[in-house]
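Asks: prediction below, plus the sequence it came from.
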Amino acid sequence: MKHSTVVGGSTAKRVMNCPGSVALVAKMPPQPSSTYADKGTLLHNVISEVLDQNVAPHSLVGTTYAEHMLDEDMLDEKIFPALAALDVIDPDKQMEFAVETSVKFGKWLPDAFGSADFLGRIGARAVVLDWKFGDGVAVDAEDNEQLMFYAAAAMRSPEAAWVFDGATEIELIIVQPPVTRRWVTTPKRIRSFELSLKRAVKAAAAPDAPLKAGDHCRFCPAKPTCPVMTGAVDRATKVKLDALDNDLLGVYASNAVLLQGWIDDLHALVRTKIEKGATIPGWKIVAKRGTRKWADAGEAATGLAPVLGDSMWKPIELISPAQAEKLLKKEKKELPPDLVVSVSSGDTLAPESDPRPAVLQIGQQLTAALSKL
């Protein structure tokens, strides 16, 4: 999905609170998608197909996106509760709706666009709904900048204007299974938001666009290099905690959440640059600690059966090497080392002082080799 480099639904809150972030983000390398985002995309694709094509959810089990595959647990935990929320919102099935609608401001605010998950109309009420399938952060509907962005852009989009034509109220809804949050506002409030958004976009174009830290920084790609964020870290490391009173401790505890996000994004940026061939003094990428697995489960079962018998097996699978080792100790025997291999679950960023060797960056080596041809 293409995203606006100026402002979109998911970035509206950040741009409005911190116009200077637009220029900073533009300087950052492309951000790789996270496993959480990929799972969310899968669930969005599934519920859109259910609603748009009127297909049975169970028929979509096995649908994949990136490394994720829809299973029965996802249906039970996310899709069915989301559909149940829609039944509460529209109990009589009278709502006309559209899913995954592209919305934009046109000439009024060029290059600002997004994709609304769900737009609907019941009587004199327009509905703007967004699915949130993540569990980590509760999202409120009241004065939600993302939903107001979609509403404002949809009102100016010919393909979506029917939702708002003659509407006297607009309901903004966040469905975050198992919770639904709703807030009713007016077209006047959306137009006021629209003016504030335009002022923020104009401010972002200025060379001295202001920077401001806050909860809008949570998903900002520019946190690792943001002067405001780095200044906040410098100040935080100089504080003598034993000299703080309880009120200040509460404030710093809240700031710690913001700083942790900065730290996580900084590490991600360092890793991305190393993977692309950069040398970052003091840092490297190493293999994660290995997990012992059977080199050959069949051979392990055959070799240990004379000693461990049926205790070699769980109800439906072979026990782990660690469990076998504990059982063998009771028999005063050692686990044959040739039955076990250590398999890393991936790689991770680590200081240069870490004793593990750096992982060979195959892509980097291949690019270097090809450049010499």
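Replies: Alright, I've got the coordinates. All figures in this text were calculated on a predicted structure; none of them were measured in a lab.

Asks: in stretch 222-229, which residues are buried?
Replies: Ala222, Lys223, Pro224, Cys226, Val228, Met229 (16 or more other C-beta atoms under 10 Å). Every residue, glycine included, has its C-beta placed from N, CA and C.

Asks: my error: substitute stretch 254-272 in the last question.
Replies: Quick answer for stretch 254-272 (16+ other C-beta under 10 Å): Leu258, Leu259, Gly261, Trp262, Asp265, Leu266, Ala268, Leu269, Val270, Arg271, Thr272.

Asks: which of the residues you listed fall within helices?
Replies: Among the buried residues of stretch 254-272, the members falling in helices (DSSP state H) are Leu258, Leu259, Gly261, Trp262, Asp265, Leu266, Ala268, Leu269, Val270, Arg271, Thr272.

Asks: give me the neighbour count for the closest residue to the first one other than its chain neighbours.
Replies: Meaning Leu258. Using C-beta to C-beta, 6 or more residues apart in numbering and skipping residues adjacent in sequence, the residue nearest Leu258 is Cys217, 6.0 Å away. Other residues near Cys217 number 24, with proximity taken as other C-beta atoms under 10 Å.

Asks: returning to what we had before: and the furthest pair within the buried residues of stretch 222-229?
Replies: The distance between the two most remote of the buried residues of stretch 222-229 (C-beta to C-beta) is 12.1 Å, for Pro224 and Val228.

Asks: now do the helices in the stretch 101-250 of the chain.
Replies: Ranges of helices in the stretch 101-250 of the chain, per DSSP state H, counting those that start in this stretch, are 145-155, 187-204, 227-237, 246-275.

Asks: what packs against the longest one?
Replies: Applying 3 or more C-beta pairs under 8 Å, 6 or more residues apart in numbering; DSSP states H and E, one finds that helix 246-275 contacts helix 227-237, strand 283-287, strand 347-351.

Asks: for the ones you listed, which one sits closest to Leu318?
Replies: It is, among those and with distance given as C-beta to C-beta, strand 283-287, at 24.8 Å.

Asks: where does the stretch 251-373 of the chain have low pLDDT?
Replies: For the stretch 251-373 of the chain, the stretches flagged by pLDDT under 70 are 252, 289-291, 310-317, 343-345, 349, 353-356, 360-373.

Asks: Ala37 in helix, strand or coil?
Replies: helix (DSSP: H, G, I helix; E, B strand; the rest coil).

Asks: give me the neighbour count for it.
Replies: 14.

Asks: any idea how far Val175 is from it?
Replies: 18 Å (C-beta to C-beta, to the nearest Å).

Asks: and the spatially closest residue to Glu142 that is not a sequence neighbour, what does it touch?
Replies: Nearest non-adjacent residue to Glu142, counting by C-beta to C-beta, 6+ apart: Trp183, 4.3 Å away. Residues near Trp183 by C-beta atoms under 8 Å, 6 or more residues apart in numbering: Asp140, Ala141, Glu142, Asp143, Asn144, Glu171, Leu172, Ile173.

Asks: can you report phi and psi for the first one?
Replies: For Asp140, the backbone dihedrals are phi -90, psi 150 (criterion: degrees, to the nearest 10).

Asks: any idea how far Asp215 is from the closest residue to Thr186 other than its chain neighbours?
Replies: Of all residues not flanking Thr186 in the chain, Glu169 sits nearest, at 5.9 Å (C-beta to C-beta, 6+ apart). Here Glu169 is placed at a distance of 28 Å from Asp215 (C-beta to C-beta).

Asks: with Thr168 instead?
Replies: To Asp215, Thr168 is 32 Å away according to C-beta to C-beta.

Asks: between the two, which one's more packed in?
Replies: Between Thr168 and Asp215, Asp215 has the larger neighbour count (other C-beta under 10 Å), namely 13 against 10.

Asks: and the nearest residue to that one once chain neighbours are set aside, what does it touch?
Replies: The shortest distance from Asp215 to any non-neighbouring residue, by C-beta to C-beta, 6+ apart, is to Leu258 (7.2 Å). Leu258 makes contact with Ala213, Gly214, Asp215, Cys217, Arg218, Met229, Ala232 under the criterion C-beta under 8 Å, 6+ apart.

Asks: if you look at those residues, which of them are in strands?
Replies: Among the contacts of Leu258, no residue falls in strands (DSSP state E).

Asks: let me know the closest of those to Lys132.
Replies: Minimum distance to Lys132 across the contacts of Leu258 is 13.9 Å, recorded for Arg218 (C-beta to C-beta).

Asks: report the contact partners of the closest one.
Replies: Val137, Leu258, Gly261.

Asks: now do stretch 74-83, average pLDDT.
Replies: Stretch 74-83 shows a mean pLDDT of 93.
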